[in-house]
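Novice: just the structure for this:
(one chain, ligands or ions: 1)
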Amino acid sequence: ADRQDRRVAVFGAGYIGLVTGACLAELGHRVVVRDIDPGKVRTLQAGDVPIYEPGLGDMIARNKERLRFTLDIGEALEGAEVAYVCVDTPPSVSGDADLSRVWSVVRSLAGAAHLRAVVVKSTVPVGTGARARAALDEAGLTGTGYVSNPEFTAEGRAVSDFMHPDRIVIGADDPAAGALVAELHEGIDAPVVTMDVRSAEMVKLAANALLATRISFANEIATLCENTGADVTEVLGAVGLDHRLGPHFLRPGIGWGGSCFPKDSEALRQLASNTGFHPMLLSAVIDVNNIQKRRAIQRLKDVLGDLAGREIALLGMAFKPGTDDMREAPSTVLASRLAAEGAHVRCWDPLARHDKAEPWLSATRYASPEEAMGGADAAVVVTEWPQLKDVDWTRAATAMRQPVLFDGRNLLDPVRMRELGFTYMSVGRP
Ligand code: UGA
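Specialist: Residues are numbered from 1 along each chain as shown. Purely as a prediction, here's the structure:
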């Protein structure tokens, strides 16, 4: 095959699989994405995209000659040189990642000895590659290399992160397979870092743990600022100007959530304890994050007293702006805690679907932030959607039963909000 015209099978049509498949097609390869969900495959075959990700729909549409979707394993594998595993690895009850979907894909590769590389993009515990190697050998794929190629894409910018990454990490048990996977990325301007499989698996977990650590650190400093009268925005702004530290991932807030940080930090902690080691720092990072969400409820109680019967508006439900993803969103924790306290929860979000998350079943959905706040006893900015800056806060203050506002993302100006009559609280700012 021509260098930029490889045949690639992608297993899993979730966030990672769709972005990987679309971007590989964009790079010139012929890609077949296989999923077990007939509804999802039908949607994709009809030209629709089942998830919200900027640029993804256009990229899929413009590469439709090179990008197909199927339920059929045989169709996906026919002529394929490389198989990507992009299925999800949710936490199991024990905290270990549940790899059953990964193993089911690996088993389904039996007989596809024409594959030159099997690439795992899903986040997996260190050591998974070794187990996969054994499974591939058992399936007769002794000549197929195993490659760990973790992704570092953030939701809402996944397409751009894939095409313009900071680095491409490739851990291969066979140099030829590693080289082939590096070659698939030709056209992308980024350093390719090659290493052993276990190290590549660890890079992903360590990177996410350090990002989560920075946020928990920022949240702890924010609390200290509240207790001492300092302003966390000033403090961390100046701290981040140190080139050794940098400004990113130092925004305090209501805690980190999403499909990655909570799951990956828990999986890393579990991985550590499986080796007989208690990771003290990582455990504290997770604890600080849980406390951060509880503190939001406490601060409402400090102002309102008993929350029973109170109407509380949650502004923003997605775990961050720019996505419809509710997985491990701080809003779900707040909603269930508020409901447990007897409060009536109202919510607004421009994208997220609250029927997807259980704690929301008792919450009432409103079409706009203003409507959610009308008659409420308090409102909480949970997700920093830019739309919230444009709310008519003057009217909101008078339409609320009590103008109590907890800005969990430091989105609004404290001086202005207090001028408008709000009892305004934010994170780490006087
Ligand atoms: C994260 C990482 O940023 C990606 O590099 C990684 O590839 C991805 O996980 C993954 O493992 O797949 P993502 O979960 O999409 O990406 O979202 P982030 O933008 O990192 O935000 C995570 C959470 O941290 C959000 O709840 C966000 O509100 C919070 N956050 C982020 C803060 O509270 N403060 C900050 O300064 C930054």
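Novice: helices of the stretch 251-400 of the chain, residue ranges please.
Specialist: 261-274, 280-304, 330-340, 369-373, 393-399 (DSSP state H, counting those that start in this stretch).
Novice: could those helices go into JSON lines alongside distance to the ligand and mean pLDDT?
Specialist: Heads up, the C-betas are built off the backbone N, CA and C, glycines and all. What follows is the helices of the stretch 251-400 of the chain, written out as JSON lines (distance: least, C-beta to the nearest ligand atom, whole Å; pLDDT from 0 to 100):
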{"stretch": "helix 261-274", "distance to the ligand": "5", "mean pLDDT": "94"}
{"stretch": "helix 280-304", "distance to the ligand": "9", "mean pLDDT": "97"}
{"stretch": "helix 330-340", "distance to the ligand": "7", "mean pLDDT": "95"}
{"stretch": "helix 369-373", "distance to the ligand": "18", "mean pLDDT": "97"}
{"stretch": "helix 393-399", "distance to the ligand": "22", "mean pLDDT": "96"}
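Novice: and those: which comes nearest residue 315?
Specialist: Comparing those by their distance to residue 315 (C-beta to C-beta), the top pick is helix 369-373, with 5.2 Å.
Novice: any idea how far the closest residue to residue 381 other than its chain neighbours lies from residue 393?
Specialist: Ranked by C-beta to C-beta, 6 or more residues apart in numbering and with sequence neighbours excluded, the top spatial neighbour of residue 381 is residue 407, at 4.5 Å. Residue 407 sits 11 Å away from residue 393 when distances are taken as C-beta to C-beta, to the nearest Å.
Novice: shared neighbours of the two, anything?
Specialist: residue 417 (C-beta atoms under 8 Å, 6 or more residues apart in numbering).
Novice: if we can go back for a sec, any chance of the helices of the stretch 251-400 of the chain in a markdown table with mean neighbour count as columns?
Specialist: Shown next, in a markdown table, are the helices of the stretch 251-400 of the chain (neighbours: other C-beta atoms under 10 Å):
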| stretch | mean neighbour count |
| --- | --- |
| helix 261-274 | 20 |
| helix 280-304 | 17 |
| helix 330-340 | 22 |
| helix 369-373 | 21 |
| helix 393-399 | 16 |
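Novice: still on that earlier bit, residues in contact with the residue nearest to residue 381?
Specialist: Residue 407 makes contact with 380, 381, 417, 424, 425, 426, 427 under the criterion C-beta under 8 Å, 6+ apart.
Novice: on the pLDDT front, check the residue in the stretch 1-150 of the chain that the ligand sits nearest to for me.
Specialist: Residue of the stretch 1-150 of the chain nearest the ligand, by C-beta to the nearest ligand atom: residue 123 (5.9 Å). Per-residue confidence for residue 123 comes out at a pLDDT of 89.
Novice: quick one: low-confidence ranges for this protein?
Specialist: Counting by pLDDT under 70, the chain has low-confidence residues at 1-3, 355-356.
Novice: domain parsing for it?
Specialist: For the chain, whose domains are defined here by automatic domain parsing, the residue ranges read 7-194, 232-426.
Novice: mind putting the ones you listed into CSV with distance to residue 210?
Specialist: Conversion of those to CSV gives the following (distance: least, C-beta to C-beta, whole Å):
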stretch, distance to residue 210
domain 7-194, 12
domain 232-426, 9
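Novice: helix, strand or coil for the residue lying closest to residue 204 once chain neighbours are set aside?
Specialist: Distances taken as C-beta to C-beta, 6+ apart put residue 150 closest to residue 204, at 3.5 Å, once the chain neighbours are dropped. Of the three states, residue 150 takes coil under DSSP: H, G, I helix; E, B strand; the rest coil.
Novice: can you get me a residue count around residue 150?
Specialist: Other residues near residue 150 number 21, with proximity taken as other C-beta atoms under 10 Å.
Novice: do the same with the one 3 residues further on
Specialist: Burial of residue 153, expressed as a neighbour count using other C-beta under 10 Å, amounts to 21.
Novice: can you pick the most crowded of the contacts of residue 407?
Specialist: Across the contacts of residue 407, the neighbour count under other C-beta under 10 Å reaches its highest value at residue 380, namely 29 neighbours.
Novice: bridged to it, which residues?
Specialist: Legend: beta-bridge partners of residue 380 under DSSP bridges are residue 314, residue 406.
Novice: ok, back up a step: residue 11: which of the helices of the stretch 251-400 of the chain is closest?
Specialist: Each of the helices of the stretch 251-400 of the chain was checked against residue 11 via C-beta to C-beta, and the shortest separation belongs to helix 261-274, namely 19.4 Å.
Novice: what lies in contact with the closest one?
Specialist: With C-beta under 8 Å, 6+ apart, helix 261-274 has contacts from 89-91, 94-97, 123, 125-126, 204-206, 208-209, 211-212, 256, 278-279, 282-283, 285-286, 289, 328.
Novice: sweet, I'm off.
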